[in-house]
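Asker: pasting the sequence and the predicted coordinates here, then a few questions.
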Amino acid sequence: MLASGAAVAVAAAGGTAWLSRRGNRQLLKDAIAARNPPRELDRSAPTGELTPAEQSAIVALAEVLYPPDPGLDLGPFVRAYAARRCGSDAGYLPEYQRAARLLDERTAASRAGAAFADLSRAQRDAILHSLLWSYSGRRFVGATARFAEGITVSEDALSLRRFIMADLLHAYYSSPQGWAVVGYSHCPGVPAADPLDYTRPVEG
């Protein structure tokens, strides 16, 4: 009841204006927590390996998420990372398998192709848009979108965003290539002769 009431209020008041009041923001936070409590990884699940088809789906997903990087051989990078994750960290194997299955099932349902990995980058991006909401950069407008997504989007799609997309992005932006994207020539594990090399100079 609280969740549906908050959704109606947001829609009627125009979202941003409604969220400008502190009490309404708390109501929305409470509604999000009540409707969609965070699901944790199942740490009792076995570790193991992805099939080649599952690996291909995950690489294809990463190709949409990651910025174009001619210096990174994406397939081996993602396959090696997913293999480490699924082989050593309990809970990740079923989530990666679930994500690959969801992407292929949505692709088949859309009649765009037989497998997610067979699609063009633009087609894969469209599949992701069909599964997930886009969030505004503004904090509380984004919270409104997350609330609506929690009501209308499947548990599989929410797990795709929370566990797999977040994990793949963490992998990239923890790598030397990810650090280079934001302007650093050195990263943890790559020593610099001068500690200042770990920072970017302030323009001015």
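Answerer: Cool, the structure landed.
Asker: please make it C-alpha for all contacts and neighbour counts, starting now.
Answerer: OK.
Asker: residue boundaries of the helices in the chain?
Answerer: Applying DSSP state H to the chain gives helices spanning 2-13, 16-19, 22-35, 52-65, 74-88, 92-110, 121-131, 139-152, 155-159, 166-173, 176-181.
Asker: for the record, mean pLDDT for the last one?
Answerer: Taken as a whole, helix 176-181 has an average pLDDT of 72.
Asker: mind checking how far P46 is from D73?
Answerer: Separation of P46 from D73 (C-alpha to C-alpha, to the nearest Å) stands at 29 Å.
Asker: compare these two and say which is more crowded by neighbours.
Answerer: Comparing P46 with D73 by other C-alpha atoms under 10 Å, the one with more neighbours is P46, at 15 against 9.
Asker: torsion angles phi and psi at that one?
Answerer: phi -70, psi 160 (degrees, to the nearest 10).
Asker: name the nearest residue to it, sequence neighbours excluded.
Answerer: A90 (6.0 Å; C-alpha to C-alpha, 6 or more residues apart in numbering).
Asker: list the contacts for that neighbour?
Answerer: Contact analysis of A90 by C-alpha atoms under 8 Å, 6 or more residues apart in numbering lists 42-47.
Asker: run the last query once more with 10 Å
Answerer: Going by C-alpha atoms under 10 Å, 6 or more residues apart in numbering, A90 touches 41-48.
Asker: what subset of those is buried?
Answerer: 47-48 (16 or more other C-alpha atoms under 10 Å).
Asker: of all the contacts of A90, which comes closest to E95?
Answerer: L41 (8.1 Å; C-alpha to C-alpha).
Asker: tell me the spacing between that closest one and L132.
Answerer: 20 Å.
Asker: same thing with T47?
Answerer: For T47, the distance to L132 - C-alpha to C-alpha - is 27 Å.
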